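Chemist: Take a look and give me a structure for this.
(2 chains)
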Amino acid sequence: MATTSETLRPAARTFSLPKVRLGTLVMVLYLIFMLVPIYWLVKMSLQTNREITGVFTLWPQNPTLDNYRVILTDASWYMGYVNSITYVVINTLLSLAVALPAAYAFSRYRFLGDKHLFFWLLTNRMAPPAVFALPFFQLYSSVGLFDTHLAVALAHTLFNVPLAVWILEGFMRGVPKEIDETAYIDGYSFPHFFVKIFMPLIASGIGVAAFFCFMFSWVELLLSRTLTAVNAQPIASIMTRTVSASGLDWGVLAAAGVLTIIPGALVIYFVRNYIAKGFALGRV
Amino acid sequence: MDKVQNNKAWFLVLPVLVLVAFSAVIPLMTVVNYSVQDTFGNNVFFWEGLGWFKEVLTSSRIHGALGRQLAFSGLILAIQIPLGIAIALCMPKRGFWASVCLVLMALPLLIPWNVVGTIWQILGRTDIGLLGHTLAGLGVDWNYSRNPVHAWIIVVTMDVWHWTSLVALLAYAGLQSIPQAYYQAAKIDQASRWKVFRYIELPKMRGVLLIAILLRFMDSFMIYTEPFVVTGGGPGSATSFLSIDLVKMALGQFDLGPAAAFSIMYFLVILLVSWVFYTVMTNLDRVEVK
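Modeler: Have a look, this model is predicted:
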C-alpha cells in the first residue's frame, strides 16, 4: 500500500505542476499584452513633447503633469468632456426610462407581435452606424437639432434602447411572478408597485444596463462626430482633429486619451461579474 | 416562466416604439428613398428604379471592400475565438486574482474606439512607438502607412487586443456555470485534460461561444473608427472595409444614390445575421427553461 502511494505521488506532481505554471504564464503574458499599450499612452501623457520626439525611453525621465494642465485649463479641450458627458447622461436616462416598462412587458406578457418586436429591436443594435450617419445628419438638420446634445443622445438610443431592453428583460425574468401578483392583491397600483417594489428588486440589473448604455454611448465616435460641429462637439471628435493636424502635440493627445479611459476604469470593478452578460445583450 | 396573454402590454412598449421609430425607421426610409432616385442637386429628385442597385452590385470598388471585409472578419474570428477560449481556461476560477484578471482584461473594452485607434497608431510608429521602434530595432523595415501587409498586421493586432477579452469573458462565464460534479465524474473516469475539455467544457460552452462568434462577426463586420484612425483606410484602399468605404461615399463624395443602395444591401446582410443570432438566443433560452 505504501509503495503504491509513493509511486503515484511523484507522477501526479509532475503532471499537475507544469499545467499550473503554463496557465499562469499564458495569463500573465496576456495581461501584459493588454496593459502595455495603455502603459505607453500613460507614459507619453507624462512627458513633454520634446522628450517624446527627442529620445526613445521606456519610462518618462522627468514626469510632468503639464499635458493634463493644458487640457483642464483650455475650454476648447475640457468642454469636449463636458459635451460628451452631457449627451451620454441624457442618453442613459432616456434609454432606461423607455426600456424599463418595455422590458417588463416582454418579461411578463405575451402580446400581439411581441416576438417580431423583440427581434426588430435587436436589428437596431446590430445596425452599422455608417448606414445611419447620413440620414441622421439630414433628419436632425431638418428638425433643427443639429449640433445639440439631444441629437447625439437620440441617435445613440438606436443601439442603447435595444441593449437596455434586452439586459433588463434578462434580469426581470429572474424575479418570480408571484411577487407581482401578491402586490396587486395587496392593492398596489401598477406604477406604485413598479417603482416601490419591482425596481428595487432589479436594482443591480438597472445599474448594469445604465453602465452599458453609458459605455456604448461614450465609446462611439462616428455618429457623435457627424451630428455635431462646435457647440456639442465630443472629446473624441476634438481628438481626431488634433491627429489630422500637422505638428501635433503627442503629450496632450495622450493625456486626452488617458482622461477618456478613466470613467470606464472607475466603475468597471462594480460590474466585473456582469461584463459578459452586458456584452451578450443580457443572455449568458 | 409562463407568460399571460395581454395585449394591453403594448402600452408599456409604446415609448420604445415611438423613440426607435424616430431614430431608426425615419432615417431608414430616407435611405430607401435615396436608393431609388437620382438628383442633380437643388433637392430635385427623379425616379431611378433599381439602377443604383445594379451599379453597386457590379462595382469592383464595392466587391473589393466586401472581399477585404470578409477576409478581416474571418481572420478576426480565427484568431480571437481559440485565443479567447485558451485565456478563459487559464483564468483563476475565483478569489482575488479572478477579480484582478476580470478588471484588467475588460479595460480595453471600455476605451473609446478612436482612442484605441490612437493608441495603436502611436504604438506602431517607428520614432515614438514601442512596437514600431522594437521592430525597426530588430531590422524589420516597418512602415504601416506604406506597406499594406504591415497595415493589416497592425489593424488585426489592434482588434485582437481590443476584443479578445470579450470572447474570453463570455467563455469564462460559460465555464463558471459547469457544476463541480462533472469534473469529479471525469476524475473518476480518469479522463485526460484534453478529454475533459473536449467532452465537458466545450459542449457546455457551446451556447456562449455561439453568442461570442456572432457578436464578434457583427462588430467586426461594421468596424469603422479604429482602422479609420490608424490607417485611414490606406495605404491605397488596403484597409478600406465596408463601413469606411460607405462613409467615404456618403459623407465624403455625397454620392447619395449609390451610397443608399449600398447601405440597404449592407443592412440586409446584417438583418440576416441578426436573425441567426436571435434564433440561436431564443433556442438557448428555451433549453435553459427545460
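Chemist: after the helix or strand containing residue B:26 comes which helix or strand?
Modeler: If you go by DSSP states H and E, residue B:26 is part of helix B:26-35. As assigned by DSSP H and E, the chain's next helix or strand after helix B:26-35 is strand B:37-39.
Chemist: following that following strand, which helix or strand comes up?
Modeler: strand B:45-47.
Chemist: Could you list every helix and strand that that following strand packs against?
Modeler: Secondary-structure packing of strand B:45-47 (3 or more C-beta pairs under 8 Å, 6 or more residues apart in numbering or on different chains; DSSP states H and E): strand B:37-39. The way it works is simple: take the backbone N, C-alpha and C, and place the C-beta from them, glycine included.
Chemist: how much distance is there from the strand it packs on to the middle of the chain?
Modeler: Centroid separation for strand B:37-39 versus its chain: 33 Å, with C-alpha atoms, centre = their mean, to the nearest Å.
Chemist: So for it, what gets flagged as buried?
Modeler: residue B:37 (16 or more other C-beta atoms under 10 Å in any protein chain shown).
Chemist: Need the nearest residue in space to residue B:6, chain neighbours excluded.
Modeler: Nearest non-adjacent residue to residue B:6, counting by C-beta to C-beta, 6 or more residues apart in numbering or on different chains: residue A:109, 4.5 Å away.
Chemist: Touching, the one you found and residue B:5? I think so.
Modeler: Yes: between residue A:109 and residue B:5 there is a contact under C-beta atoms under 8 Å: 7.2 Å.
Chemist: neighbour-wise, which of these two wins?
Modeler: Comparing residue A:109 with residue B:5 by other C-beta atoms under 10 Å in any protein chain shown, the one with more neighbours is residue A:109, at 18 against 10.
Chemist: for that one, what are its contacts?
Modeler: B:3-6, B:9 (C-beta atoms under 8 Å, 6 or more residues apart in numbering or on different chains).
Chemist: Please settle this for me: is residue A:207 part of a helix?
Modeler: Yes: when DSSP: H, G, I helix; E, B strand; the rest coil is applied, residue A:207 is found to be in a helix.
Chemist: tell me the pLDDT at residue A:12?
Modeler: At residue A:12, the model reports a pLDDT of 46.
Chemist: what's the answer for residue A:63, then?
Modeler: On pLDDT, residue A:63 comes in at 87.
Chemist: From residue A:255, how far out is the nearest residue to it once chain neighbours are set aside?
Modeler: Excluding the flanking residues, the one nearest residue A:63 by C-beta to C-beta, 6+ apart is residue A:46, at 4.5 Å. To residue A:255, residue A:46 is 8 Å away according to C-beta to C-beta, to the nearest Å.
Chemist: Just the helices from chain B, written as ranges.
Modeler: Assignment of helices within chain B using DSSP state H yields the ranges B:10-20, B:26-35, B:51-58, B:60-90, B:96-106, B:113-123, B:130-137, B:148-176, B:180-188, B:193-196, B:202-221, B:225-230, B:242-247, B:256-289.
Chemist: mind checking the backbone torsions on the residue nearest to residue B:6?
Modeler: phi -120, psi 150 (degrees, to the nearest 10).
Chemist: just checking, next helix/strand downstream of the helix or strand harbouring residue A:26?
Modeler: Residue A:26 is part of helix A:2-45 when elements are defined by DSSP H and E. Per DSSP H and E, the first helix or strand lying C-terminal to helix A:2-45 is helix A:49-54.
Chemist: contacting residues for whichever residue of chain B sits closest to chain A?
Modeler: Here chain B gets closest to chain A at one residue, residue B:110, 3.0 Å apart by C-beta to the nearest C-beta. Residues counted as contacts of residue B:110 (C-beta under 8 Å, 6+ apart) are A:215, A:218-219, A:261, A:264-265, A:268.
Chemist: Ok, residue B:247 next?
Modeler: Contact analysis of residue B:247 by C-beta under 8 Å, 6+ apart lists A:130, A:133, A:222, B:224, B:228.
Chemist: where does it land on pLDDT?
Modeler: Reported pLDDT for residue B:247: 86.
Chemist: Let me see the ranges of the strands in the stretch 101-250 of chain A.
Modeler: A:109-110 (DSSP state E, counting those that start in this stretch).
Chemist: Give me the neighbour count for residue B:54.
Modeler: Counted with other C-beta under 10 Å, residues neighbouring residue B:54 total 11.
Chemist: Ok, residue A:103 next?
Modeler: By other C-beta under 10 Å, neighbour count at residue A:103 equals 29.
Chemist: how much space between the residue nearest to residue B:6 and residue A:179?
Modeler: In terms of C-beta to C-beta, residue A:109 sits 16 Å off from residue A:179.
Chemist: ok, back up a step: residues touching the helix holding residue B:26, excluding its own?
Modeler: Under C-beta under 8 Å, 6+ apart, the answer for helix B:26-35 is A:131-132, A:134-136, A:138-139, B:52-53, B:256-257, B:259-261, B:263-264, B:267.
Chemist: And stretch B:119-133, what's buried?
Modeler: Here stretch B:119-133 shows B:119-126, B:128-133 as buried, counting by 16+ other C-beta under 10 Å.
Chemist: Revised request: answer the last question for stretch B:230-243.
Modeler: So for stretch B:230-243, counting by 16+ other C-beta under 10 Å, buried means B:230-235, B:237-243.
Chemist: How about stretch B:15-35?
Modeler: Buried-residue list, stretch B:15-35, by 16+ other C-beta under 10 Å: B:15-17, B:19-20, B:23-24, B:27-28, B:30-32, B:34-35.
Chemist: And stretch B:53-61, by the same measure?
Modeler: B:53, B:55-56.
Chemist: Can you give the contact residues for stretch B:84-101?
Modeler: By C-beta under 8 Å, 6+ apart, stretch B:84-101 touches A:22-24, A:26-27, A:30-31, A:269, A:272, B:105, B:164-172, B:174-176, B:197, B:201, B:205, B:209, B:212.
Chemist: With just CA atoms, put that stretch into PDB.
Modeler: Written as PDB, here are the backbone C-alpha positions of stretch B:84-101 (Å, rounded to 0.1, in the frame of the first residue of the first chain):
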ATOM      1  CA  GLY B  84     -10.300  33.700 -26.000                       C
ATOM      2  CA  ILE B  85     -11.100  30.100 -25.000                       C
ATOM      3  CA  ALA B  86      -7.500  29.500 -24.100                       C
ATOM      4  CA  ILE B  87      -7.400  32.600 -21.900                       C
ATOM      5  CA  ALA B  88     -10.700  31.600 -20.200                       C
ATOM      6  CA  LEU B  89      -9.200  28.200 -19.400                       C
ATOM      7  CA  CYS B  90      -6.100  29.800 -17.900                       C
ATOM      8  CA  MET B  91      -8.000  32.300 -15.700                       C
ATOM      9  CA  PRO B  92      -8.100  31.800 -12.000                       C
ATOM     10  CA  LYS B  93     -11.500  30.300 -11.000                       C
ATOM     11  CA  ARG B  94     -12.300  32.500  -8.000                       C
ATOM     12  CA  GLY B  95     -10.900  34.800  -5.400                       C
ATOM     13  CA  PHE B  96      -8.900  38.000  -5.500                       C
ATOM     14  CA  TRP B  97      -6.900  37.100  -8.700                       C
ATOM     15  CA  ALA B  98     -10.000  36.300 -10.600                       C
ATOM     16  CA  SER B  99     -11.300  39.800  -9.900                       C
ATOM     17  CA  VAL B 100      -8.000  41.400 -10.900                       C
ATOM     18  CA  CYS B 101      -8.000  39.400 -14.200                       C
END
